[in-house]
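J.: With the sequence up front, the predicted model follows.
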Amino acid sequence: MNTVSALATGAEHELIGECIACPHDHATALLLDTMREGVALCELILDEHAKPMDYIFRRINPAGAALLGIDAQQAIGRAASIVFEMAIPPYLDRFMQVVLTAAPQRVIAAFPTASHDLDVTIVSPEAGRVLLTFHRLTSPVSQANDELDLVSAAQLVQRLPLGYFVVRQCDGHLCACNEGFLQLFGYQHRDEARQHFRWCEAFVNRDDAAYVRGSCAHNGMVDSLEITFRRQDGVEFIARFSARVHAAHGTLEGVIYDITAERQAVLRLREVERRFHDVITNAQLCAIMLDRRGMLTFCNEFFLALTGWSAGEVIGKSFFDTLIVPEARQELHNAFHALLIQGTVQVPHIAGVLTRSGEHRLVQWNCTPLYDNHGDREGVTCLGEDITQREQAAHELQHSLEKLQQTLNGTVLALSTTSARRDPYTAGHQQRVARLAVAIAVEMGMAAEECEGLHVAGLLHDIGKIAIPIEILSKPGRLNEYEFCLIKEHPRVGFEILRGIEFPWPVAEMVLQHHSRLDGSGYPEDVTPDNLLVSARVLCVADMVEAISSHRPYRPALGIPYALEVIEESAGHQLDPDAVRACSALLREGRFTFTDDE
């Protein structure tokens, strides 16, 4: 007779259901793993009308996976329609009938992945779930051979990591035991255990011994008691203990499973949970938990103090509809559902929280999924930092920076206008040079911050001419040597004027170097080519192109083509070749032009 068929009563299915519901219990896991019969726990998936759509494998033992012809690791947690590659999984309606009627059914089933028909018993251990126990249909000869295999059960008992024993009821003398029992109680050999072990002396607590005697006397058994036993060397351990009385033989047969490590782990876990609870409760952060519907199931004291709500007013309420400002609800709600579906930690989200007084507090939320005992996502836990004051300070700082930038721009414009008004022939020259220099810098791939500094330097590069007499600046003829010496001093004068201003860029140095050349032929003479700034080299090219192409008191405008010929001939020995290349590309391709109103 097949073992599962023999045990296919409600009580036995209840026992198997308890085993499969406790996969982390070593003893029950071992029992399920060593069973030759298939055992599977499935959960039905219903549509909005409570009609079955599919079912998910929640548990399946190795024998069950082999009989069905599937991979247990890949099947657990997946829909049967995917596992069996069918639009409608097999026996879905039959499973629903068992759930609705609570009446067990037995069927001869043919699963698409199984190599043989299976004898399947279906029960519903709890709402929405079915427990399947099944085995392969065999011939009478094969069944007889299966029964003969039961002889190996004694060998299995010897190998189990459980303490198996038989003692006489009259005096507690040990009659039989396995290796697991010897290891539990610290004996080397069975003869030693039979000589020294006494059942009543193995209990640490006499009340436990009395309870076991009474339960065996009245019920003929004890089931899954947690008892503290004492080894023969005096060391105590906690065990789960079950036994039954064989009245005909006057013996008590039982199993003992050491759960000391489990209990210690539970105690450590409880301590960790206590500390975690203390941290969350006292943390200066908002800590909340939401279920799958977005309902608030937990919040710490800091969250309540920040929002002014009481726990009774918010627990069980929709977090998004009750506590989040309307303009942020949809985005945060979408992130919440994505976290539940994908299970990946999201980037922090900033959302306004509504306080009881109607005030808005800006909170940055970091959320992670919550998992149930089956490893399924059941909600979300979130930690939130109140960043209201920080954001206000950042806004005020940005406002101050903008005002400072406006002041700086105004100062630069005032200085530029002052120098330009003394020389009507060069009015707009600095603005045109600044525009061209920035365009060249962008073409060369220079950073935005460098381009901004170059623009300021372009607007001020000729400010040193404020120290040169207007007669020289506007002289229509060729300058004499003395006058040209005065002109050559304007970069140094500009440097002296600007060096005391704390620009974010080396503006004074760019102004000093804007007439320098790579071969040392420029001025001032004490500026060495090795120290030329890249931005100053760009400014030099832009200044030369604008000066050649524009009208001057001593000559008419020579035009852009001629200016490009001059700088291209000077590229590499006087002018920076990269700057020249970029400038030529901009002007020849028409991507930059000087405007008439400059």
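T.: Received the coordinates, thanks. Residues are numbered from 1 along each chain as shown.
J.: Can you read off the pLDDT for residue 588?
T.: Reading off the per-residue confidence, residue 588 sits at a pLDDT of 94.
J.: Please read the previous query as pertaining to residue 545.
T.: According to the prediction, residue 545 has pLDDT 95.
J.: Skip the chain neighbours and tell me the closest residue to it.
T.: The spatial neighbour of residue 545 that comes closest, neighbours along the chain excluded (C-beta to C-beta, 6 or more residues apart in numbering), is residue 563 at 4.6 Å. To be clear about C-beta, it is placed using only N, CA and C from the backbone, and glycine gets the same treatment.
J.: With residue 212 instead?
T.: Closest residue to residue 212 apart from its sequence neighbours, by C-beta to C-beta, 6+ apart: residue 222 at 5.5 Å.
J.: repeat for residue 113
T.: residue 69 (3.8 Å).
J.: Residue 434 too?
T.: Closest to residue 434 by C-beta to C-beta, 6+ apart is residue 458, at 2.9 Å.
J.: in which helix or strand would I find that neighbour?
T.: Using DSSP states H and E, residue 458 sits within helix 448-460.
J.: Run through the neighbouring helices and strands of that helix.
T.: Counting contacts by 3 or more C-beta pairs under 8 Å, 6 or more residues apart in numbering; DSSP states H and E, helix 448-460 is packed against helix 388-421, helix 429-443, helix 507-513, helix 534-549.
J.: do you know which of those lies nearest residue 526?
T.: Minimum separation from residue 526 across the helices and strands packed on helix 448-460 (C-beta to C-beta) falls at helix 507-513, 9.9 Å.
J.: Residues contacting the closest one, please?
T.: Contact partners of helix 507-513, identified using C-beta atoms under 8 Å, 6 or more residues apart in numbering, comprise 453-454, 456-457, 460-461, 463-464, 491-492, 494-495, 498-499, 501, 524, 527, 531-533, 535-536, 539-540.
J.: if you set the cut-off to 7 Å instead, what comes out?
T.: Helix 507-513 has contacts (C-beta atoms under 7 Å, 6 or more residues apart in numbering) with 453, 456-457, 460-461, 491-492, 494-495, 498-499, 527, 532-533, 535-536, 539.
J.: Ok, stretch 552-566 next?
T.: Residues from elsewhere that reach stretch 552-566 (C-beta under 7 Å, 6+ apart): 425, 474-478, 545, 548-551, 584, 587-588.
J.: Which single one of those is nearest to residue 175?
T.: Here the nearest of those to residue 175, counting by C-beta to C-beta, is residue 584; it sits at 105.5 Å.
J.: what's the nearest residue to residue 319 if we skip its chain neighbours?
T.: The spatial neighbour of residue 319 that comes closest, neighbours along the chain excluded (C-beta to C-beta, 6+ apart), is residue 296 at 4.8 Å.
J.: Any idea what that neighbour is bridged to?
T.: residue 290 (DSSP bridges).
J.: Looks like it contacts residue 288 (just checking).
T.: Yes. Under the criterion of C-beta atoms under 7 Å, residue 296 makes contact with residue 288 at 6.1 Å.
J.: Now the common contact residues for those two.
T.: Common neighbours of residue 296 and residue 288 (criterion: C-beta under 7 Å, 6+ apart): residue 319.
J.: tell me which element the residue lying closest to residue 360 once chain neighbours are set aside falls in.
T.: Of all residues not flanking residue 360 in the chain, residue 352 sits nearest, at 4.4 Å (C-beta to C-beta, 6+ apart). If you go by DSSP H and E, residue 352 is part of strand 349-354.
J.: buried sites along that strand?
T.: 349, 351, 352, 353, 354 (16 or more other C-beta atoms under 10 Å).
J.: now swap in stretch 428-445 and tell me
T.: With burial defined by 16+ other C-beta under 10 Å, the residues of stretch 428-445 counted as buried are 428-444.
J.: Stretch 113-120 too?
T.: Across stretch 113-120, burial judged by 16+ other C-beta under 10 Å covers 113, 114, 118, 119, 120.
J.: ok, now stretch 45-61?
T.: In stretch 45-61, counting by 16+ other C-beta under 10 Å, buried: 45, 52, 54, 55, 56, 57, 58, 59, 60, 61.
J.: Include pLDDT when you put the residues you listed into TSV, please.
T.: Output for the buried residues of stretch 45-61, formatted as TSV (pLDDT from 0 to 100):
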residue	pLDDT
45	92
52	91
54	93
55	94
56	94
57	93
58	91
59	90
60	92
61	90
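J.: Taking those residues, tell me the two that lie furthest apart.
T.: 52 and 61, at 24.0 Å, using C-beta to C-beta across these.
J.: so how far is residue 314 from residue 117?
T.: Computed with C-beta to C-beta, to the nearest Å, the distance linking residue 117 and residue 314 is 56 Å.
J.: circling back: pick the most deeply packed of the helices and strands packed on helix 448-460.
T.: Counting by mean count of other C-beta atoms under 10 Å, helix 507-513 has the highest mean neighbour count of those, with a mean of 25.
J.: Kindly format the C-alpha coordinates of it as CSV.
T.: Provided in CSV are the C-alpha atoms of helix 507-513 (Å, rounded to 0.1, in the frame of the first residue of the first chain):
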residue,chain,number,x,y,z
VAL,A,507,40.2,87.8,-14.7
ALA,A,508,43.2,90.1,-13.8
GLU,A,509,45.7,87.6,-15.2
MET,A,510,43.7,87.2,-18.5
VAL,A,511,43.7,91.0,-18.9
LEU,A,512,47.4,91.1,-18.3
GLN,A,513,48.2,88.4,-20.8
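J.: how about the helix or strand harbouring the residue nearest to residue 545: buried residues?
T.: Using DSSP H and E, residue 563 maps to helix 560-570. For helix 560-570, burial by neighbour count (16+ other C-beta under 10 Å) applies to 560, 563, 564, 566, 567, 570.
J.: quick one: least confident helix or strand in this structure?
T.: In the chain, no helix or strand scores lower on mean pLDDT, DSSP states H and E than helix 3-6, which sits at a mean of 35.
J.: My understanding was that residue 429 contacts residue 545; is that so?
T.: No. Using C-beta under 7 Å, residue 429 makes no contact with residue 545, being 11.4 Å away.
J.: Check the gap between residue 119 and residue 67 for me.
T.: As judged by C-beta to C-beta, residue 119 and residue 67 stand 10 Å apart.
J.: Now list whatever residues contact both of these two.
T.: The contact sets of residue 119 and residue 67 overlap at residue 134 (C-beta under 7 Å, 6+ apart).
J.: which parts of stretch 573-580 are buried?
T.: 574, 575, 576, 578, 579, 580.
J.: Narrow these to those in helices?
T.: Secondary structure from DSSP state H places 578, 579, 580 of these in helices.
J.: Show me the beta-bridge partners of residue 167.
T.: Counting by DSSP bridges, residue 167 forms beta bridges with residue 174, residue 252.
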